[in-house]
Structures are given as C-alpha cells and as structure tokens.
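# Predicted model follows, preceded by the sequence.
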Amino acid sequence: MICLTCHRPTPGTLCDRCRATLRPARERVLPGGIRLVSAFEHTGAATELIHHLKYRGLGGYPELVAEMIAPRLSARPLVPVPRAWSRRLKHGVDPALEIAAALARRLDVPVLRMLRARVHSPRRAGRDHSRVVRSFEPRGHVRDQVILVDDVFTTGATVSAAITSLGIDRVLAVVTANDASSGSILMPSV
C-alpha cells in the first residue's frame, strides 16, 4: 500500500512517520451537555488526510476515524452534517457522510440523512467563520437521540446550525474527524 499522506510505500494506510503526527483530540462537553468526540487534533497528518478526503475524495481516512471513535460511542443513529450540493458535486464527496458510513459499519447503526444543506455555500476553510450563517432544513422528525457527525469542528457554527435544526434535546453527541477549535465556540443557548 501507499501512505495516504506522504505517498511512501507502507504496509498499512499510514506510514509510521505520518502516524506519529496524529494527535488524539481530547473529549469536551459543549453547551447543553452535548459531548464533542473528535478523533484527532487538526495538525500533522490529520490535516492532510481531511484535506485529501474533502477536496480529492481520497478514501481511507473515514475508516481510521471510525477505528478511533467507535469504542467511545454508544450505539445511536448517526446524522451527518451535509455538504452544500455545489461543493459535493465539485469534489465528488460528502466528508461527513463518508465518516458516518464508516462509523455505522463499526457500530451497526443506521445513518439518517435528516438534514438538507443549501445548494451553495462559499468555501470557508482557513477563513474567518465568525460571520458565517449556516442553516439546514430538517427532513422529518427525530424521535430518539442521535449522534451528529461532521468532518472538522472549528468555531462550532456549522454544528450549532445543525443542532438547532434537529433540536438540542435530540443530539447526544457530536463526532468529528478533526478538532480545529480555537477561541470561543458558537453553540445554541439552552
């Protein structure tokens, strides 16, 4: 195989050098008592891997994330935060859906596509997220508690919009591949 990050020959998905740069993210509690469980800090190989998944459709990373996160979760339905349709068409992948699918296989739970994204949203990676207003249209009603799945947690604006759409009492935890949060976290008030 070839390392998903540096493209050197390796027996697994990552070479030892790249795997050594993966730093597990600490678990946190968001406002409303919602757990934030992220596989990795947004540094080193984790940054490269999420970038390859989001913009090149390179697989392998969702399985690595699921391997790290699944033992820390209860078996609940997973709701991925959908990518805007224009970005999904351009890049051919919905990262949160890929991560949710990998987790669902490990946890033997369903993936519920309960949120509908906008047709288009501007690229935000590496930019100021504080003025971004996100909204999602709920598809149906969530009866039981679910685990929300997104690719990267930064300010919390995207996750906040998704939680608001589903209802704060329905979201048990938020799962992300990478935690890039810094500074204040924007979450719905309880």
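Yes, it's here.
# just the strands in this protein please.
For the chain, the strands defined by DSSP state E occupy 28-30, 34-41, 78-80, 115-116, 137-138, 146-153, 171-179.
# So which other helices or strands are in contact with the fourth one?
Other elements packing on strand 115-116 under the criterion 3 or more Cβ pairs under 8 Å, 6 or more residues apart in numbering; DSSP states H and E are strand 137-138, helix 157-166. C-betas here are computed from N, CA, C, even on glycine.
# Using CSV, lay out those together with mean pLDDT, distance to residue 12 and mean neighbour count.
Formatted as CSV, these follow (pLDDT from 0 to 100; distance: least, Cβ to Cβ, whole Å; neighbours: other Cβ atoms under 10 Å):
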stretch, mean pLDDT, distance to residue 12, mean neighbour count
strand 137-138, 66, 39, 14
helix 157-166, 89, 31, 22
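# between those, which gets nearest to residue 110?
helix 157-166 (15.1 Å; Cβ to Cβ).
# residues of stretch 49-60 that come out buried?
49-55, 60 (16 or more other Cβ atoms under 10 Å).
# now do stretch 28-46
Within stretch 28-46, the residues scored as buried using 16+ other Cβ under 10 Å are 30, 34-42, 44-46.
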